[in-house]
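Colleague: Here is the input, now give the coordinates:
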Amino acid sequence: MKVRVFVSLKDGVLDPQGKAVEHALHSLGFEGASGVRISRVVDLHVKAENAEAARKKGEEMARALLANEVIEDFHVEVVV
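Modeller: Next comes the predicted model:
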C-alpha cells in the first residue's frame, strides 16, 4: 500500500527556507505572497494487510526517522 507522510515545521519554529522563498517571490513581483512555509512529503510503499495497518506503519516510520517531533508535526495518509 502507498503511504504519504506530510512533515511541516510546528507553529512558532523559524523557517529560514520559507523566508528565502518569500523574499524571492517578492523579487519576482509576487508582492501578495506572505507567510511562506516549506514542508515535505514522503511517499513510500509498505506491506500491510489493510489501510489502518499501513497508516500505523507510516506513523511509526515518521516517529522513528522521517520527522523531528521536537520541531515538526506530521500526518499520514494512505493513498488509494
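Colleague: Residue 61 is in contact with residue 45, isn't it?
Modeller: No - between residue 61 and residue 45 there is no contact under C-beta atoms under 8 Å: 11.7 Å. Placement of C-beta: from N, CA and C, glycine included.
Colleague: Among these two, which residue is more densely surrounded?
Modeller: residue 61 (18 against 10; other C-beta atoms under 10 Å).
Colleague: just to confirm, which helix or strand has the more buried one in it?
Modeller: helix 51-61 (DSSP states H and E).
Colleague: Packing partners of that helix?
Modeller: strand 2-9, strand 72-79 (3 or more C-beta pairs under 8 Å, 6 or more residues apart in numbering; DSSP states H and E).
Colleague: Tell me what angle the last one forms with helix 51-61.
Modeller: If I follow you right, that is strand 72-79. 150 degrees (axes from the mean of the first three to the mean of the last three C-alpha atoms, to 10 degrees).
Colleague: list the helices and strands strand 72-79 packs on?
Modeller: strand 2-9, helix 51-61.
Colleague: Tell me who's in contact with residue 54.
Modeller: 1, 3, 46, 48, 78 (C-beta atoms under 8 Å, 6 or more residues apart in numbering).
Colleague: Look at the closest residue to the fourth one other than its chain neighbours and report its pLDDT.
Modeller: By that I understand residue 48. Distance criterion C-beta to C-beta, 6 or more residues apart in numbering; nearest residue to residue 48, sequence neighbours excluded, is residue 54 at 3.8 Å. We have a pLDDT of 98 for residue 54.
Colleague: Thank you, goodbye.
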